[in-house]
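1. Fold the following.
(chains A and B)
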Amino acid sequence: MGIETSCDETGVALLRWEPAQPGRGLLAHALYSQIRLHAEYGGVVPELASRDHVRKLLPLVRQALAEAGLTPQDLGGVAYTAGPGLVGALLVGAAAGRAMAWALGVPAIGVHHMEGHLLAPLLEEDPPRPPFVALLVSGGHSLLVEVKGIGEYRILGDTLDDAAGEAFDKTAKLMGLPYPGGPELARLAGQGRPGMFRFPRPMTDRPGLDFSFSGLKTQVLLAWQKSDRSEQTRADIARAFEEAIVDTLLIKCRRALQATGAKRLVIAGGVGANRRLRAELAAAGEQDGFRTYFPRPAFCTDNGAMIALAGAIRLAAGQQQGESVDVHPRWDLSGLPPAPQALAGQE
Amino acid sequence: MAEQTWPLPDEPATAALAAQWAKALDGGLVIYLHGELGAGKTSFARALLGAAGVGERIKSPTYSLVEGYLAGDRPAWHLDLYRIADPDELQWLGLDSLADPAALVLVEWPERGAGALPAADLELQLDYAGAGRRAAAASRSARGERLLQRLNGLQR
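-> Okay, the predicted model is just below:
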């Protein structure tokens, strides 16, 4: 069982460990926001506050077990997100997960949230094998990571200020769309005319793989305020903004692949669903000779399946958590222990 | 209570003001940061934390809601409550540690955490002014008042 409670989402998933094709072992995965809790609450689904993992978690555990046709006694291990994240939110998943494992007499493992994201594409058919480069772009992250093997991660680049998804959401708000308007901004960009506006590609004029998206907000706001503020202008600015973000990500991905010699690029995180980004990266891959891997949208955003997967890999490698409940609100991804040969067929 | 304003024509001006604030700090302080989206609240917070001795990357806390640092030997917290819809949600943030009187606490969108936050020593309002910004600080406690006085001394 995998439990995710590090920030906004409460997620639970069940995975039977199949090293050659992990995705085939996925038995159930559910987010609180998606499931129907009619059985649990007698037909009335209560409005619970964001991040109220305490009230959401156990109904979700029961729902996942019911979906898979399993009982708690069928579990062979419990994985939970141990960090990084909000301390109060992490403690809910960690305490519940550790206690459940203890009561059942099975091993427990605390998982690094970002390792979950990095390994999420392994849940798809034809999963990428390390070594690969991963671009993780979401509302909270803009990260380039070299993945040499399970637990062998090197951070190549990170944002100095705003994450890519945050830049989308805030830029949308500056042009009068409701927050979070990133997906709506991307939709508008599809109606924008090319070449009407142009914004800088931050930090691409110098070497390095770090990002900075905060300054684009002011650029867009000034362009918007000076404009006629028509619907077409909003779409034109959205298009130029999206091009600036996608182009910047593309330039840095190419640099990262060149620097590492990797031939596979994994794109994860909510912004990974952006159409222009997918199309541009796929085209660049054909041109430069690298392959792109995109997890399905449900596994791009925070979810329990990626935690079940990362936990299963580490339990299979013989790692497990002691009997204490430990969380790490801050946790360095590059400091994780390696788990060599955890995956069958790894190169 | 004292008030003070500064023109901030560009980002270096923001950094210079933040550096003066860092120099004027002599203990814990709680600062509420006000201003529209993009007005420079995070930029000022980043510059202040950096000048106060945080030696690592200071990312926007909009998604993570709270980030903790060490500024020299002083604990520092940077909060952004923009995504908070209900002050009840604050219980997941581990806010107990904000009560440390030695801590430097910077809060963006504090009105969304009304009742669950430590009281402000200073409130800083950032506004657009042409292509630049304008900053206005008001003290809300004796600690905040002392900081503004020391700032005055530094700027004279």
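2. can you give me the strands in the stretch 101-250 of chain A?
-> Counting by DSSP state E, counting those that start in this stretch, the segments of the stretch 101-250 of chain A that form strands are A:108-112, A:132-137, A:142-149, A:152-157.
3. closest to chain B out of these?
-> strand A:142-149 (9.2 Å; Cβ to the nearest Cβ). No exception for glycine: its C-beta is placed from N, CA and C like everyone else's.
4. May I see the strands of the stretch 101-250 of chain A arranged in JSON lines, with distance to residue B:102 as well?
-> What follows is those, written out as JSON lines (distance: least, Cβ to Cβ, whole Å):
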{"stretch": "strand A:108-112", "distance to residue B:102": "30"}
{"stretch": "strand A:132-137", "distance to residue B:102": "35"}
{"stretch": "strand A:142-149", "distance to residue B:102": "32"}
{"stretch": "strand A:152-157", "distance to residue B:102": "31"}
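5. want to throw these into JSON lines with distance to chain B?
-> Formatted as JSON lines, those follow (distance: least, Cβ to the nearest Cβ, whole Å):
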{"stretch": "strand A:108-112", "distance to chain B": "15"}
{"stretch": "strand A:132-137", "distance to chain B": "12"}
{"stretch": "strand A:142-149", "distance to chain B": "9"}
{"stretch": "strand A:152-157", "distance to chain B": "11"}
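6. Now render the ones you listed as CSV, adding mean pLDDT and distance to residue B:95.
-> Below are those laid out as CSV (pLDDT from 0 to 100; distance: least, Cβ to Cβ, whole Å):
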stretch, mean pLDDT, distance to residue B:95
strand A:108-112, 98, 23
strand A:132-137, 96, 28
strand A:142-149, 96, 27
strand A:152-157, 97, 29
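7. mind checking which of those strands is nearest residue A:186?
-> With Cβ to Cβ, the closest approach to residue A:186 among the strands of the stretch 101-250 of chain A belongs to strand A:132-137: 12.5 Å.
8. which residues touch the closest one?
-> Surrounding strand A:132-137, the residues in contact under the criterion Cβ atoms under 8 Å, 6 or more residues apart in numbering or on different chains are A:114, A:117-118, A:142-147, A:156, A:163-165, A:249, A:252-253, A:256-257, A:260, A:262, A:264-272, A:277, A:293.
9. For chain B, which residues are neighbours of chain A?
-> Contact residues, chain B versus chain A (Cβ under 8 Å from any Cβ of the partner chain): B:37-38, B:42-43, B:46, B:57-60, B:62-66, B:68, B:82-83, B:85-86, B:88-89, B:91-94, B:131.
10. Swap in 6 Å and give it another go.
-> B:37-38, B:60, B:62-64, B:86, B:88-89, B:92-94 (Cβ under 6 Å from any Cβ of the partner chain).
11. Just the buried ones from those residues?
-> By neighbour count, with 16 or more other Cβ atoms under 10 Å in any protein chain shown, the residues of chain B next to chain A hold B:37-38, B:60, B:62-64, B:89, B:92-94 as buried.
12. which helix is the longest one in chain A?
-> When chain A is parsed with DSSP state H, its longest helix is helix A:231-260.
13. For residue A:263, give me its contacts.
-> residue A:290 (Cβ atoms under 6 Å, 6 or more residues apart in numbering or on different chains).
14. quick one: it from residue A:257, how far?
-> For residue A:263, the distance to residue A:257 equals 8 Å [Cβ to Cβ, to the nearest Å].
15. Now do the shared contacts for these two.
-> residue A:290.
16. Now do whichever residue of the stretch 101-250 of chain A sits closest to chain B: how many residues are near it, please.
-> Chain B sits closest to residue A:140 of the stretch 101-250 of chain A, with a gap of 3.3 Å, by Cβ to the nearest Cβ. Residue A:140: 27 surrounding residues under other Cβ atoms under 10 Å in any protein chain shown.
17. Next one: the closest residue to it other than its chain neighbours from residue A:169, what distance?
-> Spatial nearest neighbour of residue A:140, excluding adjacent residues (Cβ to Cβ, 6 or more residues apart in numbering or on different chains): residue B:63 at 3.3 Å. From residue B:63 across to residue A:169, the span is 9 Å (Cβ to Cβ).
18. returning to what we had before: most widely separated two among the buried ones among the residues of chain B next to chain A?
-> Farthest pair in these (Cβ to Cβ) is B:38 and B:94. Separation: 28.1 Å.
19. first to last residue in stretch A:258-273, what's the distance?
-> Counting by Cα to Cα, to the nearest Å, you get 24 Å between the two ends of stretch A:258-273.
20. Could you do stretch B:24-37 as well?
-> 27 Å.
21. Give me the contact list for that stretch.
-> Contacts of stretch B:24-37 (Cβ under 6 Å, 6+ apart): A:170, A:173, B:41, B:101-108, B:110, B:118, B:120-126, B:147, B:150-151.
22. which regions of chain B lie under the pLDDT threshold?
-> For chain B, the stretches with pLDDT under 70 are B:1, B:156.
23. Okay, helices next: where are they in it?
-> B:11-24, B:41-51, B:142-155.
24. residues contacting the residue most central in space within chain B?
-> In chain B, the residue lying closest to the centroid (Cα atoms, centre = their mean) is residue B:106, at 3.5 Å. The contact partners of residue B:106, by Cβ under 6 Å, 6+ apart, come to B:31, B:45, B:78.
25. For residue B:107, see how far away the second one is.
-> What it means is residue B:45. 9 Å.
26. Then residue A:295?
-> To residue B:107, residue A:295 is 35 Å away according to Cβ to Cβ.
27. Kindly report the same for residue B:128.
-> 21 Å.
28. Between the two, which is the more surrounded one?
-> Counted by other Cβ under 10 Å, residue B:128 and residue B:107 do not tie: residue B:107 has more neighbours, with 27 against 17.
29. so the more buried one touches residue B:78, yeah?
-> No. Here residue B:107 does not reach residue B:78: they are 8.3 Å apart, not a contact under Cβ atoms under 6 Å.
30. Please read off the pLDDT at the residue located most distally from the centre of chain A from the model.
-> Within chain A, residue A:228 marks the point farthest from the mean C-alpha position, 37.3 Å out by Cα atoms, centre = their mean. The model reports residue A:228 with a pLDDT of 97.
31. give me every residue that touches it.
-> Here residue A:228 is in contact with no residues (criterion: Cβ under 6 Å, 6+ apart).
32. next one: residue A:146
-> Applying Cβ under 6 Å, 6+ apart to residue A:146 gives the contacts A:133, A:154, A:156, A:260.
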